[in-house]
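Colleague: no FASTA, just this:
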């Protein structure tokens, strides 16, 4: 596609439920990144993929968070047993190896 | 540990040049300087990056000092739509994710 696509754009979930957030990167971009941004805060790095492998997952805040990427394309970020502090905008970006990132519009997650 | 230092906020009059400074005194020889911006409620947008030479594209110019310890992003004719948070990031070109700091909030007014 023309850009990085994220779905859903908005998600409201009850505390304790699991959620899946999807990212469709730009075709041919080998690197894919997940960040989150809490209200009024900066971007927090979560995990990055090169192809289907994740050389750096140091930013995942707890073992409730996991991510995978299949076929060197689509990535899914899963949050299990959501907590209110997980409420944030989750941003995905992709890039050709070593070049500037293109970000998606994000998924706004609200845990109630 | 922060690799870059930026002023928290700056103001600029519409039509004037906006010069955004960034200090990166501990930059290593193979690290690049990247600039991104984030307009309210949108994802960050790539602006420009460079290693040691000055760079220019349709959005901005990047001036890197000879010792590479600081740089300046120049928006030659700022418009109201340039109001955003501007992030200066130092990183290797490949193999690591970019770590965003707090950036500079640029306010352009008429």
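Modeller: Happy to help now that I have it. What you are looking at is a predicted structure, and each value in this text was computed from that prediction instead of being measured. Numbering: from 1, shown residues only, chains lettered A, B, ... in the order given.
Colleague: Surely residue A:45 and residue A:33 touch.
Modeller: Yes: counting by Cβ atoms under 8 Å, residue A:45 touches residue A:33, with 7.3 Å between them. The C-beta positions use only the backbone N, C-alpha and C, and glycine is treated the same way.
Colleague: residue contacts, the residue nearest the centre of chain A?
Modeller: Centroid check for chain A by Cα atoms, centre = their mean gives residue A:34 as the closest residue, at 3.8 Å. Going by Cβ atoms under 8 Å, 6 or more residues apart in numbering or on different chains, residue A:34 touches A:23, A:45-48, A:67, A:75, A:77, A:90-92.
Colleague: and the gap between residue B:45 and chain A?
Modeller: 7 Å (Cβ to the nearest Cβ, to the nearest Å).
Colleague: OK, contacts around that residue?
Modeller: A:103, B:36-39.
Colleague: ok, of these, which come out buried?
Modeller: A:103, B:36-38 (16 or more other Cβ atoms under 10 Å in any protein chain shown).
Colleague: tell me the two of those residues that are most distant?
Modeller: Between any two of the buried ones among the contacts of residue B:45, the greatest separation by Cβ to Cβ is 11.0 Å, found for A:103 and B:37.
Colleague: can you list residues touching both of those two?
Modeller: Shared contacts of residue A:103 and residue B:37 (Cβ under 8 Å, 6+ apart): B:44-45.
Colleague: which is the next helix or strand following the lowest-mean-pLDDT helix or strand in chain A?
Modeller: Lowest by mean pLDDT, DSSP states H and E among the helices and strands of chain A is strand A:53-56, with a mean of 88. Proceeding N to C from strand A:53-56, the next assigned helix or strand is strand A:65-69, under DSSP states H and E.
Colleague: Show me what that following strand is packed against.
Modeller: Packing contacts for strand A:65-69, counted by 3 or more Cβ pairs under 8 Å, 6 or more residues apart in numbering or on different chains; DSSP states H and E, involve strand A:43-50, strand A:75-79.
Colleague: how about JSON lines for those, with mean neighbour count, distance to residue B:8 and mean pLDDT added?
Modeller: Listed next are these as JSON lines, based on neighbours: other Cβ atoms under 10 Å in any protein chain shown; distance: least, Cβ to Cβ, whole Å; pLDDT from 0 to 100:
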{"stretch": "strand A:43-50", "mean neighbour count": "21", "distance to residue B:8": "16", "mean pLDDT": "93"}
{"stretch": "strand A:75-79", "mean neighbour count": "20", "distance to residue B:8": "30", "mean pLDDT": "98"}
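Colleague: Relative to residue A:4, which of those is closest?
Modeller: Closest among these, using Cβ to Cβ: strand A:75-79, at 10.3 Å.
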